[in-house]
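1. I would like the atomic coordinates for the input below:
(2 chains)
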Number of protein chains: 2
Amino acid sequence: MDLGLPSVLADPALPARVRIHEVGARDGLQNESSLVPVEVKAEFITRLAEAGLRTVEATSFVHPKWVPQLADAEQLLPRLSGLRERYEGLRLPVLVPNERGLDRALAHGATEIAVFASATETFAQRNLNRSVDEVLEMFRPVVERATGAGVPVRGYLSMCFGDPWEGPVALEQVVTAGLRLIELGCTELSLGDTIGVATPGQVAALLDGFDRAGVPVGQLAVHFHDTYGQALANTLAALRCGVTVVDSSAGGLGGCPYAKSATGNLATEDLVWMLHGLGIETGVDLRRLAATSAWMARQLGRPSPSRAVQALTGP
Amino acid sequence: MDLGLPSVLADPALPARVRIHEVGARDGLQNESSLVPVEVKAEFITRLAEAGLRTVEATSFVHPKWVPQLADAEQLLPRLSGLRERYEGLRLPVLVPNERGLDRALAHGATEIAVFASATETFAQRNLNRSVDEVLEMFRPVVERATGAGVPVRGYLSMCFGDPWEGPVALEQVVTAGLRLIELGCTELSLGDTIGVATPGQVAALLDGFDRAGVPVGQLAVHFHDTYGQALANTLAALRCGVTVVDSSAGGLGGCPYAKSATGNLATEDLVWMLHGLGIETGVDLRRLAATSAWMARQLGRPSPSRAVQALTGP
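-> Have a look, this model is predicted:
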């Protein structure tokens, strides 16, 4: 049979096109226990572009001590030179944790960066050993210098719904932290449900909160985790609120299917299946993408947790 | 932290309460390769009732040759006697394939039954060796006799969106077959996406088709499979259309997480997580239910494919 059903655009509130911000090579691999050789990473990113993805977060310039999985960022970027010429419109942002990281990223040809903040104090302290305010102040010169160099900055905001230590996170707290990232100069804000506890009503409420604070929805992205299986339903709710940028991870990279805290990212394939079924364009060739994720799963020595990858490529 | 976030009822179109039609003991176990002892089945169903589920499909009176997993239906039902007295409002429907099955079910005390039809010719032929019309005619005396005995009949309609041999299924074809089941006397119609290919727009379109055909939405249930990860997003779409009865399987029973055709049912725990987050009552104690599914997974000797069960109970 054909891949899917004829698409039905039942809800005129849904967008005609969604841009997928593919995070598998960075957020995915950084949470895998295996260390992946730099050549494999370069091939992975090339294949993601070949499958039609046009925003592929490539790596992180965080200190190798903290994320050994991405210690080869300086070796990886040169291997990607030429990709942006080969694939029109391809964007290859990299995460930077501070000014030192920015220096390294710029020195190796990064043309877009991202910074990673937290909506909650406990996670900011545990992740970066700083308060939320201190994290944001640390990013001020990073964003200013990047922007001055013509390099746009995406701001990740984690723990937007629940925090493993603090529990439910107040909406106002999230909006306040998000506004700070935008005021610093971030051109896009990615709202993360880092522990995957949110449900669609909470997603709509948070997006409404940003709307009331005057943030255009076009500046917002959503970043859901499938810890409790909610990621795709939450994405649907976000689309209905006007969001058109969705983060996801090829093959669901970054989540161990049978780990206690299976903080797996939403799988890009599951997302694309839904979007295409809804008649929403992504530019992605789903079969090619699923084959790429199946190949990467073999590199990692374990099956992909993505349902669509399993169904399309077998065990 | 607490189980979830404070619920937010963002959408007044959503129902205040959903009735879960739990299919793990029947649809789930019939698709597992392991044979589960009758005592374990009885304990499973008892624990599901204890966790607050009030519609628990118990077994099938199909010929043991076709479904050896449920060959012990006649031994199981007597073990459940007394359950309906212990748990107020508990319903224990059983599947019957024909009049012979109905006789056996009634002789063993069944008070509700279900019949299983197909919206497509190919699946009807392959599953029951009959045309769609012949299947429906076979059910006529079953439904008449059951109804005459005061036993309500649920009609399952499978392949409502896609068929593995025929591909996309025409909406009119599904509505026509569904109307036939209702005309036969079925009091509830469960619309099944048996191969899990549907997306939310198609769900809304089909429900709209039944609405236009004059079927009250209160008579409809939805039955989604997570083959491509779409089940919960589809459920959300169905709730927005007014559906208040949702089929699901405790722990996602019936789906092998790494099988090629992973036709897993929507996991009841993933569903309950979403419903409670949306402020929708189910009567289910989620922790108790997840513990039951983890226990059943140990009986089957493999982990539960439910994300919520994994997150709540560990590997």
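
2. pull the longest helix from chain A.
-> For chain A, the longest helix by residue count, based on DSSP state H, is helix A:132-148.

3. what ranges of chain A fall below the confidence cut-off?
-> Applying pLDDT under 70 to chain A picks out residues A:1-11, A:255-263, A:315.

4. Recalculate using a threshold of 50.
-> Scanning chain A for pLDDT under 50 picks out A:1-3, A:9, A:257-262.

5. can you map out the helices along it?
-> A:29-30, A:38-50, A:73-79, A:83-86, A:99-107, A:121-128, A:132-148, A:171-184, A:200-212, A:231-240, A:268-277, A:286-300, A:307-313.

6. Present the ones you listed as JSON lines; the columns should include distance to chain B and mean neighbour count.
-> For glycine as for every other residue, the C-beta is placed from the backbone atoms N, C-alpha and C. Formatted as JSON lines, these follow (distance: least, C-beta to the nearest C-beta, whole Å; neighbours: other C-beta atoms under 10 Å in any protein chain shown):
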{"stretch": "helix A:29-30", "distance to chain B": "20", "mean neighbour count": "22"}
{"stretch": "helix A:38-50", "distance to chain B": "19", "mean neighbour count": "20"}
{"stretch": "helix A:73-79", "distance to chain B": "30", "mean neighbour count": "18"}
{"stretch": "helix A:83-86", "distance to chain B": "29", "mean neighbour count": "13"}
{"stretch": "helix A:99-107", "distance to chain B": "31", "mean neighbour count": "18"}
{"stretch": "helix A:121-128", "distance to chain B": "11", "mean neighbour count": "18"}
{"stretch": "helix A:132-148", "distance to chain B": "19", "mean neighbour count": "18"}
{"stretch": "helix A:171-184", "distance to chain B": "9", "mean neighbour count": "19"}
{"stretch": "helix A:200-212", "distance to chain B": "4", "mean neighbour count": "21"}
{"stretch": "helix A:231-240", "distance to chain B": "4", "mean neighbour count": "26"}
{"stretch": "helix A:268-277", "distance to chain B": "3", "mean neighbour count": "27"}
{"stretch": "helix A:286-300", "distance to chain B": "10", "mean neighbour count": "20"}
{"stretch": "helix A:307-313", "distance to chain B": "4", "mean neighbour count": "26"}
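
7. Any idea which of those gets closest to residue B:171?
-> Closest approach to residue B:171 among the helices of chain A (C-beta to C-beta): helix A:268-277, 14.4 Å.

8. That closest one to helix B:231-240, inter-axis angle?
-> Using axes from the mean of the first three to the mean of the last three C-alpha atoms, to 10 degrees, the inter-axis angle of helix A:268-277 relative to helix B:231-240 is 40 degrees.

9. can you state the direction angle for the longest helix of chain A and helix A:121-128?
-> 60 degrees.

10. So which residues make contact with helix A:132-148?
-> A:96, A:98-99, A:101-102, A:106, A:113, A:115, A:117-121, A:124, A:128, A:130, A:152-153, A:155, A:177, A:180-181, A:184-186 (C-beta atoms under 8 Å, 6 or more residues apart in numbering or on different chains).

11. redo that, cut-off 6 Å
-> For helix A:132-148, contacts defined as C-beta atoms under 6 Å, 6 or more residues apart in numbering or on different chains pick out A:98-99, A:102, A:113, A:115, A:117, A:121, A:124, A:128, A:153, A:180, A:184-185.

12. same check, this time on stretch A:221-241
-> With C-beta under 6 Å, 6+ apart as the criterion, stretch A:221-241 contacts A:13-14, A:21, A:188, A:190-193, A:196, A:198-200, A:203-204, A:207, A:243, A:245-247, A:262-266, A:270, A:274, B:200, B:229, B:232-233, B:236, B:270, B:273-274, B:307-308, B:311.

13. distance between that stretch and the chain's centre?
-> 12 Å (C-alpha atoms, centre = their mean, to the nearest Å).

14. With only the CA atoms kept, save that stretch in PDB.
-> Extracted in PDB, the C-alpha atoms of stretch A:221-241 (Å, rounded to 0.1, in the frame of the first residue of the first chain):
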ATOM      1  CA  ALA A 221       9.000  26.600  18.700                       C
ATOM      2  CA  VAL A 222       7.900  23.600  20.700                       C
ATOM      3  CA  HIS A 223      10.200  20.800  22.000                       C
ATOM      4  CA  PHE A 224       8.400  17.800  23.400                       C
ATOM      5  CA  HIS A 225       9.600  14.600  24.900                       C
ATOM      6  CA  ASP A 226       7.800  11.300  24.700                       C
ATOM      7  CA  THR A 227       8.400  10.200  28.300                       C
ATOM      8  CA  TYR A 228       4.700   9.600  28.900                       C
ATOM      9  CA  GLY A 229       3.800   9.300  25.200                       C
ATOM     10  CA  GLN A 230       2.300  12.800  25.000                       C
ATOM     11  CA  ALA A 231       4.700  14.500  22.500                       C
ATOM     12  CA  LEU A 232       2.600  14.200  19.300                       C
ATOM     13  CA  ALA A 233      -0.700  15.100  21.000                       C
ATOM     14  CA  ASN A 234       1.000  18.100  22.500                       C
ATOM     15  CA  THR A 235       2.400  19.000  19.100                       C
ATOM     16  CA  LEU A 236      -1.100  18.900  17.600                       C
ATOM     17  CA  ALA A 237      -2.300  21.300  20.300                       C
ATOM     18  CA  ALA A 238       0.600  23.600  19.500                       C
ATOM     19  CA  LEU A 239      -0.100  23.600  15.800                       C
ATOM     20  CA  ARG A 240      -3.700  24.600  16.600                       C
ATOM     21  CA  CYS A 241      -2.300  27.600  18.500                       C
END
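
15. now the residue of the stretch 101-250 of chain A found nearest chain B: how far from residue B:242?
-> Of all residues in the stretch 101-250 of chain A, the one sitting closest to chain B is residue A:199 (2.7 Å; C-beta to the nearest C-beta). Residue A:199 sits 19 Å away from residue B:242, going by C-beta to C-beta, to the nearest Å.

16. Pick out whichever of these two has more residues nearby.
-> residue A:199 (29 against 15; other C-beta atoms under 10 Å in any protein chain shown).

17. From residue B:303, how far off is the closest residue to the more buried one other than its chain neighbours?
-> Counting by C-beta to C-beta, 6 or more residues apart in numbering or on different chains, residue A:199 lies nearest to residue B:277, which is 2.7 Å off, once chain neighbours are set aside. Distance, residue B:277 to residue B:303, by C-beta to C-beta: 24 Å.

18. Please apply the same query to residue A:185.
-> 45 Å.

19. same deal with residue A:17?
-> Separation of residue A:17 from residue B:303 (C-beta to C-beta): 38 Å.

20. ditto for residue A:37
-> Taking C-beta to C-beta, one finds residue A:37 at 30 Å from residue B:303.

21. Over to residue A:93?
-> Residue A:93 is 35 Å from residue B:303, by C-beta to C-beta.

22. out of the two, which sits in the busier spot?
-> Taking other C-beta under 10 Å, residue A:93 and residue B:303 do not tie; residue A:93 has more neighbours (24 against 18).

23. Can you name the residues that contact the closest residue to the more buried one other than its chain neighbours?
-> Nearest residue to residue A:93, sequence neighbours excluded (C-beta to C-beta, 6+ apart): residue A:112, at 3.8 Å. Contact analysis of residue A:112 by C-beta under 6 Å, 6+ apart lists A:91, A:93, A:152.

24. can you check residue A:87 too?
-> When contacts are taken as C-beta under 6 Å, 6+ apart, residue A:87 is in contact with residue A:49.

25. re earlier: isn't the residue of the stretch 101-250 of chain A closest to chain B up against residue B:274?
-> Yes. Between residue A:199 and residue B:274 there is a contact under C-beta atoms under 6 Å: 5.0 Å.
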